[in-house]
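A.B. asks: Provided below for reference: sequence and predicted model.
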Amino acid sequence: MKYTMIIEEGENNYSTYLPDLPGCVATAKTIEELKQLMHEAVEFHIQGMIEDGLPIPEPNSHVEYIEIDKIAA
């Protein structure tokens, strides 16, 4: 399965979440570390759902980009 991962940059770190797996989040100092931690978090999250007898959500989120011209200040 391939889930959409949203990455946000903070002042001192990066954070990420998956819209299709609510509650599955990670934070890290670098994007590379963030990706690794989120991979581990997803495996842990899904394993917990399996153990609790919960259905595993199918990936449904899609990413699209909107391009705009630079807006003058």
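C.D. replies: It's in. Numbers count the residues shown, from 1 in each chain.
A.B. asks: Tell me where the model's unsure across this protein.
C.D. replies: Under the criterion pLDDT under 70, no range of the chain is flagged.
A.B. asks: Run through the helices of it in chain order.
C.D. replies: Defined through DSSP state H, the helices belonging to the chain, from first to last, are 31-51.
A.B. asks: quick one, strands of it?
C.D. replies: In chain order, the chain shows strands spanning 6-9, 14-17, 25-28, with DSSP state E as the criterion.
A.B. asks: Next, format those as TSV and append distance to Asp52 and mean neighbour count.
C.D. replies: Just so you know, the C-beta spots here come from the backbone N, C-alpha and C atoms, and that holds for glycine as well. Conversion of those to TSV gives the following (distance: least, Cβ to Cβ, whole Å; neighbours: other Cβ atoms under 10 Å):
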stretch	distance to Asp52	mean neighbour count
strand 6-9	25	11
strand 14-17	20	18
strand 25-28	18	17
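A.B. asks: got JSON lines for the ones you listed, with distance to Gln36 too?
C.D. replies: Rendered in JSON lines, the data for the strands of the chain read as follows (distance: least, Cβ to Cβ, whole Å):
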{"stretch": "strand 6-9", "distance to Gln36": "13"}
{"stretch": "strand 14-17", "distance to Gln36": "11"}
{"stretch": "strand 25-28", "distance to Gln36": "8"}
